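Q: take a look and give me a structure for this.
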Amino acid sequence: MNKGIIAAIVALVIAGGGYYYYSTQQAAKEAAAMLEAKAAEEAAAAAKAAEDAAAAAKVAEEAAAAEAKAAADKVAADAAAAAAAATGMSLEDLMKPENFDLAKISAAIDATALDAAIKTEIKTALERVKDNAALRDVVLQRLKAALAQ
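A: Numbering: from 1, shown residues only. Next comes the predicted model:
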């Protein structure tokens with residue numbers, strides 16, 4: 001065969017192979033770009049869904065906090081009413097220096113919704129300072145602060 005024909009055939013084979021290689025690489029790049037775009041869209045949708053879920057959780061948390069505060073306020077009001085019923089005076093009236101009665105104020109403290117440890121601490125402190133008006137007023141201020149929480 002003629003060297004020119006062989007060279008032309010080799011050139012055609014190389015050109016055909018190059019074209020084939022180039023066209024398959026382009027198709028692979030296009031497919032990868034499409035997959036990448038789809039993944040980005042899915043990630044954006046997932047991020048939006050996460051934001052929506054976080055917003056819904058925040059709303060639910062705020063509603064639960066409001067409900068808990070309302071329930072705590074009701075318990076405190078009920079406890080104050082029970083204390084008033086048990087002692088004949090409201091706890092606030094019993095905490096005034098002229099109305100101080102250790103037995104009545106202890107019963108009123110027991111009727112509150114305070115933590116048991118705080119109740120014991122305040123009642124013990126009142127027992128110790130019952131005869132010292134200045135210290136007694138400090139303990140009563142502590143009681144008011146605990147009730148306000």
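Q: Leu140 and Met95 touch, don't they?
A: Yes. Shown here, Leu140 and Met95 form a contact pair, counting by CB atoms under 8 Å, at 4.7 Å. C-betas here are computed from N, CA, C, even on glycine.
Q: what ranges does the protein have for its helices?
A: 3-87, 91-94, 102-110, 116-129, 133-148 (DSSP state H).
Q: reformat those helices as JSON lines; add mean neighbour count and mean pLDDT.
A: Listed next are the helices of the chain as JSON lines, based on neighbours: other CB atoms under 10 Å; pLDDT from 0 to 100:
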{"stretch": "helix 3-87", "mean neighbour count": "11", "mean pLDDT": "78"}
{"stretch": "helix 91-94", "mean neighbour count": "19", "mean pLDDT": "77"}
{"stretch": "helix 102-110", "mean neighbour count": "18", "mean pLDDT": "82"}
{"stretch": "helix 116-129", "mean neighbour count": "15", "mean pLDDT": "88"}
{"stretch": "helix 133-148", "mean neighbour count": "14", "mean pLDDT": "82"}
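Q: could you check how far the residue positioned nearest the centre of the chain is from Ala68?
A: Central residue of the chain (CA atoms, centre = their mean): Glu61, 6.4 Å from the mean position. Distance, Glu61 to Ala68, by CB to CB, to the nearest Å: 10 Å.
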